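>>> Build the 3D model from these lines:
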Amino acid sequence: MTSVYPGSKPDWNTVQVLHRNTLPPRSHFFLYPDSDKALTRNVSQAKAQLLSGEWKFNLSKSPMIGPVGFQNYDSFGDPDWKPIQVPGMWQLQGFGKGPQYTNINYPFPVNIPHVPIDDNECGRYVTHFQLAPEDKDHQLRLRFEGVDSAFTVWVNGKDVGYSQGSRNPSEFDITSYVNLEGDNKLAVEVYQRCDGSYIEDQDQWWLSGIFRHVWIHKFPQKSHFEDIKVTPMLDDEYKNAKLTVKVELNNPTEFTLKLMDPSGNEVIQGTIQGQQSTTIEFNVDKPLKWTAETPNLYTLVLSMSDCALAERVGFRRVELLDGVFSVNGNPVKLRGVNRHEHHPDFGRAVPYEWLKRDLLLMKQHNINAIRTSHYINDPRLYELADELGLWILDEADLECHGIFVVGGDGNKMLSGNLDWKEAYLDRARQMVMRDYNRPCIVIWSLGNESGYGSNHKAMYDYIKSVDTSRPIHYEGDWNAKSADILSRMYASVDNMEGYAKEDDWDKPFVLCEFAHAMGNGPGALKEYVELFYKYPRLMGGFVWEWANHGLRTKNADGEEYMAYGGDFRDEPNDGNFVLDGLCFSNHTPTPGLLEYQKAIEPVQTLKLENGNQVRIVNRYDFVTLDHLKCFFYYSDDEPDWIETREVNIPKGVKPHEQALITIPGLLDPEALKAAGRHDCHLTLEFSLASSTAWAPEAGHIVATGQVELTPPINPFANLPPAANTQFSLLSPTLLSITTSSQNTYEFDLSIGALTSWKRSPGSPNILTTPLTLCLYRPQTDNDHGCAFGRDWTSSHLNIAKPHVVSVSWDPSSSPATVTIKGRFAPPVLNWALETTTVYSFLEDGKVNIKLKGKPVGNWLPRAWARLGLECGLRDVHSASWQGRGPGESYRDKKESQLIGSWTRTVDELWTDYEFPQEGGNRTDVRSVEFFSEGWEMLLGARFVKPNGENTSFQASRYSVQDVERAKHPFELKKKRRGDTVVHLDWMHHGLGTGSCGPETRPEYTLWGDREYEGEMVLY
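Numbers count the residues shown, from 1 in each chain. Model (predicted):
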């Protein structure tokens, strides 16, 4: 007789087996002993028992090996059984091969629907629990909120069931398996991969384990609430409402229903003779409406003899009005982010306080919407979003991106394969049944990057059969056959405007992903947001993404850093593509988040009118500006002595409408000029008049604005030449120049560069490296990802350098000059930027530098990374500048930084990106001065042409080459210099979002085929 191994096909490798012995999915709620306890919403008082904590754990390389049959063990004291935390991911607790990151690719051989049986880590978990005497006569429901990727459950050695769907809950009736007295043993076998892994190919770390809480819910056997569906619906005037409550009971019984308003006052109260399925409808007059700006929550309490539950209710109506996405009759613009579940130490096992901090940070940065990319999140996120006010696009746990890189027709393999229909439907069902009652959810999504097929149509039809109150989204359905919204990823501004201008449309347009926030970026956010508000069809978008996914680890020397793909020797991997968020991996803001906050701020300052009035626009969707205060000051005030004065905001400014703010006593521009106050801006700050749920103190600034009152000037124009300028050749290649101010300059004629500047006889040289032309920057992630970065490498711009052609000097001219002709050129190729640089020596040690550049030759770079001067400076501790600040800025990422006077240390100027790259630039800089720790002014620079528009400076402890070579911050820090590398750029190439999206926009591009001129004064 023939024998076969394995003897039977395991559940986790059988596409027809999604669940075994699970209870039907239901909405997320806890039962409480009575209504008073239900109103506390404190789950520690619920009729539930939390099993999370320290469990015993054993890991094997395959479910086929290791302690098979462990569910029958009596003891787990063997050293092979280690402690593990639940919730948690086993790879982050020292078990298994470690984390693996891929963006698209499956990390296992593709053999649909099977995953390897010999390379599929198996985590075996054991814990014990006891029940209380009062648990008698209760149905005991064992609920797993999330297990990656599939699992089998035993209680007291008895097979309870199986389930898969990593981010979806699973619930089992264990009443007949438990002992009411004494110990109970819970054994769970978790499989790293299952057939469901083919549709869980989201762009994130592959991590495994019981990563959300495990509960025993205790429902009274006699009678209890099985499920509840709450549907509030406003009338056509958005004034009154009808509330429909569908209640499922295990047995017909009487129960009471009570609705309380946000202040706790009873609105409705009644007793219901409930059947197993009972639907109650009642009218609510003039309810306070729920929106992301006004999150008014009512509380519905259902109670019976032995249990009660409380459910929050938000009265709102979501619809498409003439194709425009609207809530409560108002057009809504989504200023959103995509959010993965991530913690740098715990992976997807995100603690509640961390989750709450995320949402508070979003609200504080003007974000009003979340796409739960690409799976339903911890249910507590939605409860917080209800409270704080955030629109949620709730997305099913579905992505099979990797199937489209293996050859053949990917749609036929999964999304159009009827064998997978129930698997797809299950993802939709689990999402809608769990999250139906949440007011914050205004859009359902069928998943992400899974092509399009009949299974998506089945998901759409199912959801519509259950819920017609929300539209459905799915980007992969490009023609929106099974979606109510037309969706795109990473469309350019021009492409998006094309959709907005179409004549015949009946569905709104959303960017479900845009402005890929990888590394230093995103650039050109303002252009997207302005179009959102310009065109009714555009409903906004969701930046990719909220936070980097780095995992905290240490290198061989014990230095801590945030790891990315490949750092755990994981192959294949997609490197640092997992670091693409508006927050660093510790979920603190990057400069990109500040830029997004500015772009989407709810009050925009437009322009100065009528001498003393500022035109603003209210970009809230529902509220006026009456909850805000406005203060103003002048940008040229001394930073430590800025006097802010309050100004009245007109009352009742409606959403999306403009208004004029009158500034009493606004200084006249001519009077400012007469007083020598050039480059003066009026600065406005709009702040909360009182505290909110997300801003615990009044005064939180939600928007800022600036209007120019007087333009910048060049204070060094028409300076007289330096007197008694002495030129001498110290050697055949060393030219020395001394002026009457006792400044001494030395030029190395062999390289055509200023190499020494001494302020007085005997003083040290302030330069540690020559002052030379620089056209390159360490590539950003956005450079690497687009044609500009590839072109810089192929054209050898990254290894090009200045070469001297000739140096001439004229001591008799007025002023005396040194003229250097050069070629900035690479090896191998024949292109060059031919340059003429003229140094003119002026009084008081000032040097005027004029540069002209002309590109010549073949295969020129499409663009230069920068056009400016570079040098090393000794003893620099800090920099003070006039321009945009205090934070990092670039020509297409600068709106968040205001014009003013700023001072920062060199270390504070640097942005420590988790993948080292260009950073720390300050733009629109008029002048900058570098100081020692004792406030000795070492060097100053004033830009003349251009005069403070897109002119930049940068000061750091790292050279361009060292930053470019480093792959982690700890590598870069080993290259930290004692001196300071200073860049003074007349022009700097924009950032764009080319890591995954449009490259730098033309108006922000430093084109390589044009002639350029620049002028500055050093002093």
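
>>> Now do the contacts for Leu23.
Arg141, Glu171, Phe172, Asp173 (CB atoms under 8 Å, 6 or more residues apart in numbering). (C-beta placed from N, C-alpha, C; glycine too.)

>>> now Asp435
Here Asp435 is in contact with Ser27, His28, Ile376, Pro379, Tyr382, Asp394, Ile441 (CB under 8 Å, 6+ apart).

>>> hmm, back to that, restricted to strands, list the contacts of Leu23.
Arg141, Glu171, Phe172, Asp173 (DSSP state E).

>>> Contact partners for the second one?
With contact taken as CB under 8 Å, 6+ apart, Glu171 is in contact with Thr22, Leu23, Pro25, Arg26, Arg141, Leu142, Arg143, Phe144, His217.

>>> the strands in the stretch 251-400 of the chain, which residues?
With strands called from DSSP state E, counting those that start in this stretch, the stretch 251-400 of the chain shows them at 253-260, 266-274, 277-284, 298-303, 308-313, 318-321, 324-327, 330-331, 334-338, 369-371, 391-395.

>>> quick one, which of those is nearest to Glu200?
Closest approach to Glu200 among these (CB to CB): strand 391-395, 12.5 Å.

>>> hey, where'd the strands end up in the stretch 501-650 of the chain?
Under the criterion DSSP E, counting those that start in this stretch, the stretch 501-650 of the chain contains strands at 509-514, 538-543, 551-554, 560-563, 603-609, 613-618, 628-634, 645-647.

>>> Dump those strands into TSV; add mean neighbour count, distance to Leu486 and mean pLDDT as well.
Compiled in TSV, the strands of the stretch 501-650 of the chain are given as follows (neighbours: other CB atoms under 10 Å; distance: least, CB to CB, whole Å; pLDDT from 0 to 100):
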stretch	mean neighbour count	distance to Leu486	mean pLDDT
strand 509-514	26	5	98
strand 538-543	27	10	98
strand 551-554	18	36	98
strand 560-563	19	36	98
strand 603-609	17	26	97
strand 613-618	20	26	98
strand 628-634	18	34	96
strand 645-647	13	42	96
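
>>> Looking at those strands, which is nearest to Ala717?
Nearest of these (CB to CB): strand 628-634, 23.7 Å.

>>> buried ones in the helix or strand of the chain with the lowest mean pLDDT?
Ranking every helix and strand in the chain by mean pLDDT, DSSP states H and E puts helix 669-674 at the bottom, with a mean of 90. If you call a residue buried by 16 or more other CB atoms under 10 Å, then helix 669-674 has these buried ones: Pro669, Leu672.

>>> Helices along the stretch 1-150 of the chain, start to end?
Counting by DSSP state H, counting those that start in this stretch, the stretch 1-150 of the chain has helices at residues 35-40.

>>> quick one: contacts for Ala722?
Thr739, Ser740, Ser741, Pro815, Ala816, Phe841, Leu842, Glu843, Gly845, Lys846.

>>> Chain neighbours aside, what residue packs nearest to Ala722?
Thr739 (3.9 Å; CB to CB, 6 or more residues apart in numbering).

>>> Okay, now the unreliable bits of the stretch 301-450 of the chain?
By pLDDT under 70, the stretch 301-450 of the chain has no low-scoring segment.

>>> again with the chain
For the chain, the ranges with pLDDT under 70 are 637-642.

>>> Mind doing that once more with 90?
For the chain, applying pLDDT under 90 flags the ranges 1-8, 77, 636-644, 671, 674-676, 713-718, 947-948.

>>> Helix, strand, or coil at Arg1010?
With DSSP: H, G, I helix; E, B strand; the rest coil as the basis, Arg1010 sits in coil.

>>> Wait, Phe129 touches Gln49, no?
Yes. Between Phe129 and Gln49 there is a contact under CB atoms under 8 Å: 7.0 Å.

>>> re the thing from before, what does the least confident helix or strand of the chain rub up against?
His678, Cys680, Leu709, Thr710.

>>> repeat for stretch 288-295
Under CB under 8 Å, 6+ apart, the answer for stretch 288-295 is 234, 238, 261-262, 296-298, 314-316, 327-328, 368-369, 386-391, 439-440, 620-623, 693.

>>> Just the ones in helices from these, please.
Asp386, Glu387, Leu388 (DSSP state H).

>>> quick check, nearest of the ones in strands among the contacts of Leu23 to Asn858?
Nearest to Asn858 among the ones in strands among the contacts of Leu23 is Glu171, at 68.7 Å by CB to CB.

>>> that older thread, quick one: the residue nearest to Ala722 from Val847, how far?
9 Å (CB to CB, to the nearest Å).

>>> on that earlier part again, closest to Arg926 out of the strands of the stretch 501-650 of the chain?
strand 628-634 (15.6 Å).

>>> pretty sure Met433 belongs to a helix, no?
Yes. When three-state DSSP is applied, Met433 is found to be in a helix.

>>> tell me the contacts of it?
Pro24, Pro25, Arg26, Ser27, Asp227, Val466.

>>> So which of these sit within strands?
Short answer: those in strands (DSSP E) are Asp227.

>>> Let's have the contacts of Met433 in a markdown table, adding neighbour count and distance to Leu797.
Shown next, in a markdown table, are the contacts of Met433 (neighbours: other CB atoms under 10 Å; distance: CB to CB, whole Å):
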| residue | neighbour count | distance to Leu797 |
| --- | --- | --- |
| Pro24 | 11 | 62 |
| Pro25 | 20 | 57 |
| Arg26 | 19 | 60 |
| Ser27 | 21 | 58 |
| Asp227 | 17 | 63 |
| Val466 | 14 | 57 |
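
>>> and the contacts of Met433 as CSV, adding distance to Gln71?
Formatted as CSV, the contacts of Met433 follow (distance: CB to CB, whole Å):
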residue, distance to Gln71
Pro24, 25
Pro25, 26
Arg26, 27
Ser27, 31
Asp227, 31
Val466, 36
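
>>> ok, so of the contacts of Met433, who is nearest Val406?
Nearest to Val406 among those, counting by CB to CB, is Pro25 at 31.9 Å.

>>> Please name the nearest non-neighbouring residue to the closest one.
Using CB to CB, 6+ apart, the closest residue to Pro25 is Met433 (3.9 Å).

>>> cool, and Asp137?
Gln221 (4.9 Å).

>>> Thr951 too?
Per CB to CB, 6+ apart, closest to Thr951 is Phe943, 4.1 Å.

>>> Validate this expectation: that neighbour resides in a helix.
No. Assessed with three-state DSSP, Phe943 is strand; it does not lie in a helix.

>>> mind listing what it touches?
With CB under 8 Å, 6+ apart, Phe943 has these contacts: Val925, Arg926, Ser927, Thr951, Leu984, Trp986, Glu1015, Met1016.

>>> I appreciate the help and will end here.
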